[in-house]
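Novice: coords please:
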Amino acid sequence: MTGAATLTGLAAHLAQGIGRIVADTTIGRLRTLPRSVAALDAATLSRITGRTVTSVSILDGDAGTSSRARLALTGDGVPETVFVKMAAETVPTRLMGELGRLAATETRFYAELAPGLSGLPRYHGSAFDPLTGRFVLVLEDLPADECEFPDTLHPLDKDRAAALVELLAQLHGRFWAKVPDWLYTASGDDTSLLTGRLLRTSARRIAERTSIPVERGRFIDENYRAVAQLIDRPPHTVMHGDAHPGNTYFRNGRAGLLDWQAVRRGHPGRELAYTLVTAMDTDDRRACERDLLDEYRRALAAAGGPELDRDELWERYRQGALYAYVAALITAGLGGMQDDAIALAGLRRAVDALDDLDTVAILAESL
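Specialist: Predicted coordinates:
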């Protein structure tokens, strides 16, 4: 794609996102989907879930890239509680979601790709309004007594990382060479034009307030589009796209993944590097990552994927560590998306990985 075509695509994408927000502000009340969790009623949830809901009450909720809440339900054959995601309430966060196509991606993933997959919450139904960008996604309310929810401050040990790698292998194997046309690579997204500038801004902010040596990634900041396209070259499969510790859970010891709003197509080296770099203590990762990649290769073949060459996967993994750096640097530098301690811990691990995997050098040699 030429630079002019990419700029045109970005402009069109921005216009669509802004148009949806404007439409929601002006005529949203006339549309069928509610505009807030508080406005979700029994009739709407009956229509979305296909079951008769007679009452709805909010148990608790929070906000991030979307509005989230736990609801108690009564009705005919409905679960006692559900977890619901809806569009964010603030305009800046809404626009961020539109740029990432988060709502359209996650609702479509659950409706079309999730059936038959394990390691994710049960799907009860969804709706998406393409005019306003509003959506409602109704999922299983994962039981707290059966599930553990890690974060970056509580790194995974080798056994749990192995369970997560096996889950990714099952996902990748299921869709190897069978990626739907509507999924795109991270580098193929029009909004990737903005990433280099965000990286440079974030690096400057981090350097001003921490001692994290983000200058190690300057080559990536200055050459983002070229190196991103390099790590996104085929073969491709369906990737979760954001499998950091905060989007994982363990249910009775088995790994699971949450927040499927960043599903993309791509090479598994990108996903594996992002996941292991952010999820594990640096020393533990260094000690066992080759073994974990071998376990992934075996699990991928068992799940219907190919038998990947060991050395080739290792090279793609080393290159793919740039994704952990890019995501962690922007998250920490811009702020507001994660707790600051969690964001900075992820960034430290990502910068460490650039060093010990010699990621910048292998990217520069490969261009």
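Novice: Spell out the residue ranges of the strands in this structure.
Specialist: 52-63, 66-76, 81-87, 123-128, 135-140, 147-148, 237-239, 248-251, 254-257, 264-266 (DSSP state E).
Novice: For the stretch 201-350 of the chain, which segments count as helices?
Specialist: For the stretch 201-350 of the chain, the helices defined by DSSP state H, counting those that start in this stretch cover 218-222, 224-231, 268-279, 282-302, 310-334, 340-356.
Novice: Most tightly packed of these?
Specialist: helix 268-279 (a mean of 28; mean count of other CB atoms under 10 Å). The way it works is simple: take the backbone N, C-alpha and C, and place the C-beta from them, glycine included.
Novice: how far is it from where the chain is centred?
Specialist: 12 Å (CA atoms, centre = their mean, to the nearest Å).
Novice: swap in stretch 208-227?
Specialist: For stretch 208-227, the distance to the chain centre is 21 Å (CA atoms, centre = their mean).
Novice: follow-up on the earlier one: including mean pLDDT, could the helices of the stretch 201-350 of the chain go into JSON lines?
Specialist: Putting these into JSON lines (pLDDT from 0 to 100) gives the following:
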{"stretch": "helix 218-222", "mean pLDDT": "96"}
{"stretch": "helix 224-231", "mean pLDDT": "95"}
{"stretch": "helix 268-279", "mean pLDDT": "97"}
{"stretch": "helix 282-302", "mean pLDDT": "98"}
{"stretch": "helix 310-334", "mean pLDDT": "96"}
{"stretch": "helix 340-356", "mean pLDDT": "95"}
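Novice: Quick one: those helices as JSON lines, columns for distance to residue 16 too.
Specialist: Output for the helices of the stretch 201-350 of the chain, formatted as JSON lines (distance: least, CB to CB, whole Å):
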{"stretch": "helix 218-222", "distance to residue 16": "28"}
{"stretch": "helix 224-231", "distance to residue 16": "22"}
{"stretch": "helix 268-279", "distance to residue 16": "26"}
{"stretch": "helix 282-302", "distance to residue 16": "36"}
{"stretch": "helix 310-334", "distance to residue 16": "22"}
{"stretch": "helix 340-356", "distance to residue 16": "29"}
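Novice: among those helices, which is nearest residue 33?
Specialist: helix 310-334 (28.9 Å; CB to CB).
Novice: Summarise which helices and strands that closest one is packed against.
Specialist: helix 195-209, helix 218-222, helix 224-231, helix 268-279, helix 282-302, helix 340-356, helix 359-366 (3 or more CB pairs under 8 Å, 6 or more residues apart in numbering; DSSP states H and E).
Novice: To residue 182, which of those helices lies closest?
Specialist: Taking CB to CB, helix 268-279 is the member of the helices and strands packed on helix 310-334 nearest to residue 182, at 18.7 Å.
Novice: Setting the sequence-adjacent residues aside, check what's closest to the residue nearest the centre of the chain.
Specialist: The centre of the chain sits closest to residue 242, judged by CA atoms, centre = their mean, with a distance of 2.7 Å. Take residue 242 and drop its neighbours on the chain: the residue closest to it by CB to CB, 6 or more residues apart in numbering is residue 262, 4.1 Å away.
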